[in-house]
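1. sequence? don't have it. structure:
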């Protein structure tokens with residue numbers, strides 16, 4: 001069994017992300033106004049593109065720090081999925097009756113608001129309007145749709161390599177009030 005190859009768009013996206021992320025600095029509650037106002041990032045979920053049957057998920061975020069504790073961001077996101085969203089783990093998961101006979105491609109640009117609460121602990125809210133394209137199992141276009149994908153998350157910002165790099169592990173709850 002051979003290792004999966006990189007998606008053709010993944011390599012340039014990661015290169016751009018790593019090259020552009022050098023001036024990014026982690027938030028510090030001591031500095032107001034913050035020394036680095038601009039934040040560029042992505043999601044570790046992009047690594048799932050290396051898995052078999054990848055989701056074709058790509059994300060690029062640009063954030064602007066209004067203060068040392070507040071950041072607003074734009075998030076450009078696209079993904080493909082071949083099963084309905086929201087199938088719970090349990091008897092319905094993997095049930096053929098729940099299968100979607102094709103795939104959905106979503107693409108959109110959303111906004112996020114992040115507030116640093118205390119010593120790296122943060123809360124964040126996202127709203128992502130997505131244009132959707134539904135295709136059958138042969139890739140033939142069926143119809144278009146719209147989805148408002150919302151997320152709230154709580155996490156912790158871990159500064160890496162001084163104040164130049166950081167990661168933000170978090171737990172999230174999602175909902176799509178419009179689909």
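-> Arrived safely. Remember, it's a predicted structure, so these values are computed and weren't measured experimentally.
2. I'd assumed residue 130 was in contact with residue 144.
-> No: look at residue 144 against residue 130 with CB atoms under 8 Å: they stay out of range, at 10.9 Å. (Each C-beta comes from the backbone N, C-alpha and C, glycine too.)
3. More neighbours: those two, which one.
-> residue 130 (22 against 9; other CB atoms under 10 Å).
4. The strand or helix carrying residue 166: how far from the chain's middle?
-> Per DSSP states H and E: residue 166 is located in strand 165-167. Taking CA atoms, centre = their mean, to the nearest Å, the mean C-alpha location of strand 165-167 is offset from the chain mean by 15 Å.
5. who does the following helix or strand past that strand pair up with?
-> Next in sequence after strand 165-167, counting helices and strands by DSSP H and E, comes strand 170-178. Strand 170-178 sits in its sheet next to strand 141-156 (antiparallel), going by DSSP bridges.
6. Quick one: mean pLDDT over the strand it pairs with.
-> Averaging pLDDT along strand 141-156 gives 93.
7. which stretches of the protein form strands?
-> 38-41, 58-65, 70-81, 102-118, 121-136, 141-156, 158-160, 165-167, 170-178 (DSSP state E).
8. Please name every helix or strand in contact with the third one.
-> Using 3 or more CB pairs under 8 Å, 6 or more residues apart in numbering; DSSP states H and E as the contact definition, the elements that strand 70-81 packs against are strand 58-65, strand 102-118, strand 121-136.
9. buried residues in the second one?
-> Spelled out, that is strand 102-118. Of all the residues in strand 102-118, those buried under the rule 16 or more other CB atoms under 10 Å are 103, 104, 106, 108, 110, 112, 114, 116.
10. Redo those residues as CSV? Include distance to residue 175 and pLDDT.
-> CSV is the format used below for the buried residues of strand 102-118 (distance: CB to CB, whole Å; pLDDT from 0 to 100):
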residue, distance to residue 175, pLDDT
103, 22, 87
104, 17, 89
106, 15, 93
108, 15, 96
110, 14, 96
112, 15, 96
114, 18, 95
116, 24, 92
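11. Output those as JSON lines; include the columns distance to residue 77.
-> Output for the buried residues of strand 102-118, formatted as JSON lines (distance: CB to CB, whole Å):
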{"residue": "103", "distance to residue 77": "16"}
{"residue": "104", "distance to residue 77": "14"}
{"residue": "106", "distance to residue 77": "8"}
{"residue": "108", "distance to residue 77": "6"}
{"residue": "110", "distance to residue 77": "7"}
{"residue": "112", "distance to residue 77": "11"}
{"residue": "114", "distance to residue 77": "16"}
{"residue": "116", "distance to residue 77": "23"}
